[in-house]
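1. Okay, predicted coordinates and the sequence, questions at the end:
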Amino acid sequence: MAAQPGGPGRGAVMVATVPTRGLTVVDARARTARAPGRPGRRRVGWTLRVVAAVLVAVVMVFPLWVMLVTAFSSGSAYSQTLRLWPSEPTLDNFTRVFAAWPVGSWFANSVAVAGVTTVLSVTVSLTGGFAFAKLRWAGRTPVFLLLLATMMIPAQAILVPQFRLVSSLGLVGTFWAVILPGAAATFGIFLARQFLMAIPTELVEAARVDGASTPRVFWSIVLPLCRPLIAVLTLLALMYQWNDFLWPLVVLRDPALFTLPIGLQFLQGQYLTDHGALMAMTLLATAPLVVLFLVFQRYFVQGLATTGLR
């Protein structure tokens, strides 16, 4: 209690100063009086974030929209003037591409190569990450650091040695020349290791006490907890292999074995380019990845968040 000047006998007013979570009643009342201004500031901040998100979304989606408009416009409709809506919607670009080039075969080749490579890459990443995260063996840390060091080597630097290795195995000109080099991804092993480090070791030890072998522990205990990780690894491996251009161009010789990224170069002429057909084929190459990302978006974000990547 504190008294105002004047003393008790002069009708002094007593003011309570009982602490309330570190604040006096007077301070609490003062802050309460200022509280009505906070919702307004919060609404302004929320509005600014929404506006910024919408602007970023528009910037990211705009090239895809232009590609979509060009793909469904007539061949003569493309000009230097930017159009946001096809003046004459048509499917001529798609029919012309399929009639002139084996796009169906290229699409099937991309699906086969990307699918097999993704399955192998996810399997190697999961088993390798499990070995580095939950198994105890001599030299584990040095081997992991050496594996991370390989990520600093550009892909172009190992292009010639990799080609000589594939050539010595007699795989040049086959799908296996594209699949095997992409079956193990260093970043995938690193990502799996970071995710599995968050799984309690007690679960693994309890399973071993019950008599479970290492493969049984991995299959029955660890793997069911890795759904977000599997979604991330699948999307990353599939996206990389689906869009890979340089290595398939080097090792694939038969045009019938080409993938979609290689087929796109046939639509780019030296002096003239059919933009409508090019955008139509690009749309065919882009649509599967967009659909897969929209379907597995929740698992993708959750998997990246639990690995500690931001």
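-> Noted; the coordinates are in hand. Every value quoted in this text rests on a predicted model; they were computed, and no experiment measured them. Numbers count the residues shown, from 1 in each chain.

2. how about the helices of the stretch 201-310 of the chain, start to end?
-> Applying DSSP state H, counting those that start in this stretch to the stretch 201-310 of the chain gives helices spanning 201-209, 214-217, 227-243, 246-251, 260-263, 275-295, 297-306.

3. out of the ones you listed, which comes closest to Thr70?
-> Closest to Thr70 of these is helix 275-295 (C-beta to C-beta; 4.1 Å). Where you see a C-beta, it was placed from the backbone N, CA and C, and this is true even at glycine.

4. Any idea how far that closest one is from the middle of the chain?
-> 17 Å (C-alpha atoms, centre = their mean, to the nearest Å).

5. How about stretch 99-116?
-> Taking C-alpha atoms, centre = their mean, one finds stretch 99-116 lying 23 Å from the centre of the chain it belongs to.

6. Flag every buried residue along that stretch.
-> Trp101, Val103, Trp106, Phe107, Asn109, Ser110, Val113, Ala114, Val116 (16 or more other C-beta atoms under 10 Å).

7. low-scoring stretches of the protein, by residue?
-> 1-38, 75-82, 269-272, 302-310 (pLDDT under 70).

8. biggest helix in it, by residue count?
-> helix 37-71 (DSSP state H).

9. Okay, buried residues for that one please.
-> Applying 16+ other C-beta under 10 Å to helix 37-71 flags Met67, Leu68, Val69, Thr70, Ala71 as buried.

10. Pick the one among those residues closest to Phe190.
-> Nearest to Phe190, judged by C-beta to C-beta, of the buried residues of helix 37-71 is Met67 at 33.2 Å.

11. which residues sit in contact with the nearest residue to that closest one once chain neighbours are set aside?
-> The shortest distance from Met67 to any non-neighbouring residue, by C-beta to C-beta, 6 or more residues apart in numbering, is to Met279 (4.9 Å). For Met279, the contacting residues are Met67, Leu68, Thr70, Ala71, Asn93, by C-beta atoms under 8 Å, 6 or more residues apart in numbering.

12. could I get those as TSV with distance to Leu165?
-> Shown next, in TSV, are the contacts of Met279 (distance: C-beta to C-beta, whole Å):
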residue	distance to Leu165
Met67	37
Leu68	41
Thr70	41
Ala71	40
Asn93	41
